[in-house]
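Student: Give me a 3D structure for the following:
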Amino acid sequence: MSGMITLVKALAVQEGYNLTALPDVRILRADRPLARTPVLYDPGIVIVCQGSKRGFFGQQTYLYDEQHYLAVSVPVPFVMETDASAEHPLLAIYLHLDFQLAAELMLQIEQHHAPHPPAAPQSMMSSPMDDAVKTAVLRLLEVLNNPLEAAILGPARVRELYFRVLTGAQGKAMRAALALQGQFGKIGKVLQHIHASYAEPLTLNQLAMEAGMSVPTFHTHFKAITRMPPMQYVKSVRLHQARMLMVRQHITAAAASYAVGYESPSQFNREFKRLFGLPPAEEIKRMQRNFAVPPVQQASIFVSSH
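Tutor: Model prediction:
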């Protein structure tokens, strides 16, 4: 791992998220521990090269550290904590999920006598870092440290890493989730609708109709996938988006509240503090002081907390 850590350190020039030569790949560095913090990850893969993170999703705990990577197939809010220090910073690679690339690989995998497997789709999964994944990560980091190689060889290295994840320990569950079939697929399409329309006055009945389900059935399936009721999920998306608008666009809490669909700034302030633990102005100062926040991921159709 020492060679991997040297390579990723060269890319992690500041605390927070660092851009790389590839738009879908970012490097995260944290120089301090982070207590339980609400996050909203859009679909992607997180590979920790040094340090560790724990994700608390429903009743389950997901460890992602030097021996385990995290894969997220649908955008889910959860709570995360980080072990890190200035002497031993957390160093991680975040890959935004390219759905087209994943679909191409899944089709090729099936064509080569590895049919779509009967596996239960999962929203989030923690998988062991086997030798094949480690080798793919190292090869990706090597080209990211060379602009010419990153431009020419980088996409192939990302493709190789996707292949290792899709055929690895949790590959069957990941492929089943990305196929968006059955009830999981119906809820996945509703999640896309929420992320595209969070500023509109969404209702439970509307969302159930979008899924083609009765309200009780929709509520049950939605909670099974996201670990929270539908309207609480909508609220979480709005609050995370407002937080990032305030950080990136330097707008007021009132302006952010209206931009994400709130009618009452005072209600927004209460719910923001309940989720993030600080009033909006204090939380934004904390983020700006401690973390580099890059521009929004242009390719993403989902709201996220990074």
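Student: alpha carbons only for contacts and neighbour counts from here, please
Tutor: Will do.
Student: what does the helix or strand hosting Arg270 contact?
Tutor: Element membership of Arg270 [criterion: DSSP states H and E] is helix 265-276. Residues from elsewhere that reach helix 265-276, judged by C-alpha atoms under 8 Å, 6 or more residues apart in numbering: 37-38, 239, 253-254, 257-258, 262, 278-280, 283.
Student: after it comes which helix or strand?
Tutor: helix 280-290.
Student: list the buried ones in that next one?
Tutor: 280, 283-284 (16 or more other C-alpha atoms under 10 Å).
Student: ok, now stretch 299-306?
Tutor: 302-306.
Student: Give me the pLDDT for the residue nearest the centre of the chain.
Tutor: Taking C-alpha atoms, centre = their mean, the centroid of the chain lies closest to Tyr41, which sits 2.5 Å from it. You'll see Tyr41 listed with a pLDDT of 91.
Student: What is the neighbour count of Pro229?
Tutor: By the criterion of other C-alpha atoms under 10 Å, Pro229 has 17 neighbours.
Student: Now the nearest residue to it once chain neighbours are set aside: which helix or strand?
Tutor: Distances taken as C-alpha to C-alpha, 6 or more residues apart in numbering put Lys223 closest to Pro229, at 5.3 Å, once the chain neighbours are dropped. For Lys223, the host element (DSSP H and E) is helix 215-226.
Student: helices or strands next to that helix in the packing?
Tutor: Helices and strands touching helix 215-226, by 3 or more C-alpha pairs under 8 Å, 6 or more residues apart in numbering; DSSP states H and E, are helix 182-197, helix 204-211, helix 230-249.
Student: Highest mean neighbour count out of the ones you listed?
Tutor: helix 230-249 (a mean of 20; mean count of other C-alpha atoms under 10 Å).
Student: Packing partners of that helix?
Tutor: Short answer (3+ C-alpha pairs under 8 Å, 6+ apart): helix 230-249 packs on strand 34-41, helix 215-226, helix 253-259, helix 265-276, helix 280-290.
Student: got the residue ranges for the strands in the stretch 1-150 of the chain?
Tutor: 16-19, 25-30, 34-41, 44-50, 52-57, 60-65, 68-72, 76-83, 90-96, 124-128 (DSSP state E, counting those that start in this stretch).
Student: what lines up beside the third one in the sheet?
Tutor: It refers to strand 34-41. Strand 34-41 pairs in its sheet with strand 76-83 (antiparallel), by DSSP bridges.
Student: and the angle for the strand it pairs with with helix 182-197?
Tutor: Angle, strand 76-83 to helix 182-197, by axes from the mean of the first three to the mean of the last three C-alpha atoms, to 10 degrees: 80 degrees.
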